[in-house]
Structures are given as C-alpha cells and as structure tokens.
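K.L.:
Only the shape, not the letters, is given here:
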C-alpha cells in the first residue's frame, strides 16, 4: 500500500508528525511551501485571517499527483481554528485523488476548532474518502500512543 504524506509546517511541529508517519509507513513525503513565505507578523495576522476565510495561498508544488498512492495523509497546523491556507491550496492542487483513502491530522497549541471537519469536507468534495482525523497539541506530538494511533489508521485497509 503506497502512502503519500502531504503537509505544511510553519514552526516544524507538523513536519515532525509527518516525518514520523513517513518513517513508519514509507511512501512520498511532500512539504507544501508558500511562494511568499510568512513572517511571524504576517502568519498571525494575514495568515490567520486567510485561514478563517478558508482561502488558499500560492504554493509549491503547484500540483500534487496522488494517482499512484493508495492512501493520502494530510497534515496542517491550526490557524484561526481552521486549516492553514497552504493546505487549503494543497487540497485544491490534488490530482488523481478520486476514490482514495485519506487520513488527516492537525497540530495546534490550543483548540482545533473546525479544522478537521472542514478539511474532511473539502477532501470529500474532491472524491476522497476520509478514514480518520487526528488532533495533536504540543504534548500529544510527543505521545507515542497518540502518534501510533494515527500511524495505525494510515496502515489499516
């Protein structure tokens, strides 16, 4: 079973979880980057405003072909109780995703808000079957049991 893990990470926390998934499951690891990087000021002002509105950023890679994958994993930080704009763009950039299984996760410092349900809805509109959603706060990312639950969801048929 081939896995593609797609993530955006501003502080490195989401990257760390994505790396653990890729290490345990193999497959491709795709880090989405904004064409115009956020600064500390713009991440918490403009980035959060754009996240709250469900907007997208211009990203690299501009398109993400997952047709050769069986499972898609998508990870995002929580900004303004929602997925970060680069991940909104990554969902739109997917090709070959129809009928694929996805497992999604979000990292946050506090409350995840509507991040998982809204991300699941966006993926389902693209024909993706979301098999699970996981939230990790700062403590959870170091909790092997919680990380393993995510990995097991990715590995399950």
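P.N.:
Perfect, I can see it now. Predicted model only: the values in this text are computed from it and were never measured.

K.L.:
The nearest residue to residue 124 once chain neighbours are set aside sits in which helix or strand?
P.N.:
Spatial nearest neighbour of residue 124, excluding adjacent residues (C-beta to C-beta, 6 or more residues apart in numbering): residue 130 at 6.2 Å. For every residue, glycine as well, the C-beta is placed using N, CA and C. Using DSSP states H and E, residue 130 falls within strand 129-136.

K.L.:
Paired strands for that strand, with orientation please.
P.N.:
strand 101-107 (parallel) (DSSP bridges).

K.L.:
Which positions within the strand it pairs with qualify as buried?
P.N.:
For strand 101-107, burial by neighbour count (16 or more other C-beta atoms under 10 Å) applies to 101, 102, 103, 104, 105, 106, 107.

K.L.:
could I get the residues you listed as JSON lines with pLDDT and distance to residue 91?
P.N.:
Formatted as JSON lines, the buried residues of strand 101-107 follow (pLDDT from 0 to 100; distance: C-beta to C-beta, whole Å):
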{"residue": "101", "pLDDT": "97", "distance to residue 91": "15"}
{"residue": "102", "pLDDT": "98", "distance to residue 91": "10"}
{"residue": "103", "pLDDT": "98", "distance to residue 91": "14"}
{"residue": "104", "pLDDT": "98", "distance to residue 91": "10"}
{"residue": "105", "pLDDT": "98", "distance to residue 91": "14"}
{"residue": "106", "pLDDT": "98", "distance to residue 91": "13"}
{"residue": "107", "pLDDT": "97", "distance to residue 91": "17"}
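
K.L.:
now for those, which pair is the farthest apart?
P.N.:
Greatest spatial distance among the buried residues of strand 101-107 (C-beta to C-beta): 101 and 107, at 21.2 Å.
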